[in-house]
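*Asks:* Starting from these lines, generate the structure:
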Amino acid sequence: MSTSNQDLITPRRTDNIDPIFLGGQLGALSTKNGEERKTIIRNFITNCASSRETCQLFIREHITEKIITIAQQDDDIETKELCYFLLSGLGMMLGTEQAVGQYSLVSSLLNLAESDSQSASEAGVRELCKLLENSQKENNDQKEIIIGWALKNLHQYHKCSLTSQPSQQHPIQPVIPITPQYSTSPLSTSKLSTPLTTQSSNISNDSKKNKILGSIRIVTSAIKGGAQASELSDVYSVINDLCDDEDEDVSNAATVFIRTWKRRNLSIANQESSGFDKEKLILKEQLKKITEEKQQLEEQNKKTLQMLNDSELQKTKFEDQNKVLEIQLRAAAQGKKKVTEEKEKLEEQTKKFHSEQKIIEEAQKRAQEEKKAAEDLKKRIEEEKKKTDEERRRIEEEKKKIEDERRRIEDERRKSEERRKDIEQRNQMDSELESGQLDKSKDSDQGRDKQTSWKKIAATLSKKLEGNDQQIEKLVQKKDQLCEQIREMLFSKEDDDLRKKMISAGIVDGLLYILQSVPLQQITRSVILALYCLTTPCGNEVKLMVFARKPFLALSRIFQHTDPLIAADAITTLYNIILGGSNTTNDADHHPHFIEMANCGGIQKIFQLFKQTKQKDIKDTCAFCIGRLFKAKHIADVQMQREIIGHLKSLYNNPDEWTRNTVKGILTNLAQNQCMSNIYMDYYSITLT
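*Replies:* Residues are numbered from 1 along each chain as shown. Have a look, this model is predicted:
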C-alpha cells in the first residue's frame, strides 16, 4: 500500500482532530471516488462521533458545504446515505438529542439547523435557504418539510411571546426525529414518536433566537424560490406580529420578510383559517413518509452494523500501521534537524549568491557602458593606428635597445654575482682551513636551491582551485600565506636582485593568475600587496620586467573590487609600472606602454575608476596614470581631457612636495602636444619650466 493511500484511510479517533490532517483528507475527498471516498466519510463520522470539538471544526471550516455538494452530485446511493448520516450526526453532537426525518439531504440539514451551536445552526439554515431558492417542482415534498419545520419554530416562538401556556387553538403536530447516535441498533417506536417540542425548555435564549431567525430566513427564501401564499399558511400574520418584537434582530428579519412578501404581491386574506389546515395536511404527509422511512432506516442500520464491523477490523490494521508511522516519524524528526541545519547553510549561500548576483548585474551594466565607450575608442584608435605605426617601429627599436641593455646588465650582474660567490667561497675555505674543519661535502649551489624554491612558490600560486571545499579552502589559505611572505620579504626593501629572481621564477605570473581567475570579491589584499611590493622600491629595470608579464588586464579588473583599499593598491601598482616606462624614455617621446594599455581598454577603465571613486588618493593616482600615458600625446576624449587636466591643475598647489613635483612633471609632458591650450584654461595660469 502506498503512503498516499495509507494517509487516506488512516482513522484519527482523537478528541481534537489535526486541522492539517483534516485539510489533507478534505483534499483527497475531492479527488477520490468509490470506496476510497466512502472510507474517508466513514472516518469523518467516527471522528465527529468521538469529539464535539471536531464537529465544531467541521462547521467552522465550511466542510458541511463540501459534504452537501458530494451528496447532491455523487450517483452512488451508499455515498449519499453516508453524507446524510454525517450531516445528521453533526447536528446531533452540536445540539439536540433528537433529529428530524430520515437520512436524506433535507433531514440532515434540518438536524444542523436544529443544533444549539450557532455556527452549526447557521450552516444548516444557509444550505436550506439555497435549496428553497433553487428548488424545482419535483422537490415540493422537500420544500413542504422545510417550511413545516420553520412554521413549527415560528408558532412556538409566537406562543411563548403571547402566553406561557401552550395554545389549545392551534396545536403543534409532532415532528419525527432520526436516530440520535451513530449506532446499528434498530429504531424504537417510542423514540420515533417523541415530539421535538419536548426539549424546548432546555434550549437557551440564544438558541431560541437563532432558530427563529433561521426560520424567518427560510420562509423568506421560500418566497424568493416561488412559494405561494397558500404554501405558507398563516406565516404572514405570525411574522407581521414579530415586526414589533423587543429583539431588534428578530424585528429586522421579520421586516425583511414582509417587504419580500409585498414585492411578490402575495395575497394576505384568509391565511389564518387556511394556514392550519395546510399545516395539518403537510404533517399527515410527513407521518406517511416517515413510516416508509422507518423501514428504510432499519435496513440502513443493518448496513451500518456491517460498516462498523468492517471499521473495527480496519481500526486494528490502522493501529498497527500507526505504530509503524510513529517509528518513521521519530526517524523523520532526527532527519529534520539535519535538514534544518542544511537549510540554514543554504539560506546563507542564497544571501551570498543574491549579493554576488547584484554585483554581477552592476558589473554587466558598467560593462555595457564600457563597451559603448570602447567602440568609440576603437574608432579613434583606428584613426590613430596609422600614426602609431611609425611610433610602434620606434618603440620596437627602443625595446631592442632596452633588451640589449638589460642583457648587458644581466651579464654584468651574473658576472658580479659569480665573483661575489667565488670571494665568499674563498673566504669560507680560508676560514675552514684555519679552523681545521674544511668539509668538502658543502659544494652545493645555494643560489640554485633558492631559485628552485621560488619556482615551487610560483607553481603553488598558479594552481587551479580544484577538489572538494576543504581542499580548495586549504589551497586558498596556502596562497595567502605565500603572498604574505613575499610582502614581508620585499616591503620597503631595495633589493632588485631578489625581485628579478622572483620575476624570473614566475612569481608575477602566479600573482596575475590569481587576480584573473579568482572571483573578484574573493581576492584578498595580501595578493595585490605582494604584487605592489615587487614594483617598489626598485629600479626601472624591475618595473619593465613586471610590464613584460602583461599585468594591465588583471590589474584593471581589480578596479571594481568593493574594498577601496584593494582598489587603491591596484591603481598604485599600475602607476609604479607606468612610471618605469616614463623614466626610460625621453620627455618628448610617447609613453612605451600606451599602445598595450589602449588595446586592452585599460585607459578607459582607469578613467571610469576616476569618475566613480570618492577616495581622493585613488582619484589622484588615476589622474597621474592617465597623465603619464598621454605623455606628448593628444587626449582625443574631450571629457577625459577636461576632467583629468582640471584635476591635475587642482593639485598644483598641494602642500605635499612630492605631489606638486609629480603634477608639474606630468603637465610639462602633456604641454608638448595640443593639450597645451587646455592647461592654461579656466582660472589657472601655470608657468612650466
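
*Asks:* Next, the buried residues of stretch 540-548.
*Replies:* 540-547 (16 or more other C-beta atoms under 10 Å). (C-beta placed from N, C-alpha, C; glycine too.)

*Asks:* Return the distance of stretch 69-85 from the chain's centre.
*Replies:* Averaging C-alpha positions (C-alpha atoms, centre = their mean, to the nearest Å) puts stretch 69-85 42 Å from its chain's average.

*Asks:* quick check: mean pLDDT across it?
*Replies:* Here stretch 69-85 scores 78 as its mean pLDDT.

*Asks:* ends of that stretch, how far apart?
*Replies:* One end of stretch 69-85 to the other measures 14 Å (C-alpha to C-alpha, to the nearest Å).

*Asks:* got the contact list for Glu231?
*Replies:* Glu231 makes contact with 143-144, 147, 222, 278 under the criterion C-beta atoms under 8 Å, 6 or more residues apart in numbering.

*Asks:* Longest helix in the chain, please.
*Replies:* In the chain, with assignment by DSSP state H, the single longest helix is helix 271-435.

*Asks:* I'd like the distance from that one to the chain centre, please.
*Replies:* 11 Å.

*Asks:* same for that helix, what does it pack against?
*Replies:* Helix 271-435 sits against helix 3-9, helix 34-50, helix 77-94, helix 140-162, helix 235-242, helix 540-548, helix 594-599, helix 602-612, with contacts defined as 3 or more C-beta pairs under 8 Å, 6 or more residues apart in numbering; DSSP states H and E.

*Asks:* deepest of the ones you listed, which one?
*Replies:* Of all those, helix 77-94 has the most neighbours on average by mean count of other C-beta atoms under 10 Å, namely a mean of 24.

*Asks:* chain center to the helix or strand that comes right after that helix, what's the gap?
*Replies:* For helix 77-94, the following helix or strand on the C-terminal side (DSSP states H and E) is helix 105-113. Distance, stretch centre to chain centre, for helix 105-113: 46 Å (C-alpha atoms, centre = their mean).

*Asks:* try stretch 24-32
*Replies:* 28 Å.

*Asks:* which parts of it are buried?
*Replies:* Taking 16+ other C-beta under 10 Å as the criterion, stretch 24-32 shows 25-26, 28-29, 32 as buried.

*Asks:* For Lys208, the count of nearby residues, please.
*Replies:* 18 (other C-beta atoms under 10 Å).

*Asks:* Specify which residues of the protein, grouped into ranges, have pLDDT under the cut-off.
*Replies:* Low-confidence segments of the chain (pLDDT under 70): 1-23, 91-105, 135-141, 158-205, 233-234, 268-284, 418-419, 421-451, 674-689.

*Asks:* ok so, going back, any chance of the contacts of Glu231 in TSV with distance to Asn153 as columns?
*Replies:* As requested, the contacts of Glu231 are exported to TSV (distance: C-beta to C-beta, whole Å):
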residue	distance to Asn153
Lys143	16
Glu144	15
Ile147	11
Ala222	14
Lys278	17
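
*Asks:* Considering those, which is situated nearest to Glu133?
*Replies:* The shortest approach to Glu133 among these belongs to Ala222, at 8.3 Å (C-beta to C-beta).

*Asks:* ok, that closest one - contacts?
*Replies:* 132, 143, 146-147, 150, 231-232.

*Asks:* For the strand or helix carrying it, C-alpha coordinates in CSV please.
*Replies:* Using DSSP H and E, Ala222 falls within helix 205-224. Written as CSV, here are the backbone C-alpha positions of helix 205-224 (Å, rounded to 0.1, in the frame of the first residue of the first chain):
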residue,chain,number,x,y,z
ASN,A,205,-32.5,32.0,24.8
ASP,A,206,-29.7,32.4,22.3
SER,A,207,-30.6,29.0,20.8
LYS,A,208,-34.3,30.1,20.5
LYS,A,209,-33.2,33.4,18.9
ASN,A,210,-31.0,31.6,16.3
LYS,A,211,-33.8,29.2,15.4
ILE,A,212,-36.4,31.9,15.0
LEU,A,213,-34.0,34.0,12.9
GLY,A,214,-33.2,30.9,10.8
SER,A,215,-36.9,30.1,10.4
ILE,A,216,-37.7,33.7,9.2
ARG,A,217,-34.7,33.4,6.7
ILE,A,218,-36.1,30.1,5.4
VAL,A,219,-39.7,31.3,4.7
THR,A,220,-38.2,34.5,3.1
SER,A,221,-36.1,32.2,0.8
ALA,A,222,-39.2,30.2,0.1
ILE,A,223,-40.9,33.3,-1.2
LYS,A,224,-37.8,34.1,-3.3
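
*Asks:* one step back: just put the buried residues of stretch 540-548 in CSV and tack on distance to Glu412.
*Replies:* Below are these laid out as CSV (distance: C-beta to C-beta, whole Å):
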residue, distance to Glu412
Asn540, 16
Glu541, 12
Val542, 16
Lys543, 19
Leu544, 17
Met545, 16
Val546, 21
Phe547, 22
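
*Asks:* Relative to Asp496, which of the residues you listed is nearest.
*Replies:* Val542 (5.3 Å).

*Asks:* Contacts only, for the residue lying closest to that closest one once chain neighbours are set aside.
*Replies:* Closest residue in space to Val542, ignoring its immediate chain neighbours: Arg499 at 4.8 Å, by C-beta to C-beta, 6 or more residues apart in numbering. By C-beta under 8 Å, 6+ apart, the residues touching Arg499 are 490, 534, 538, 542.
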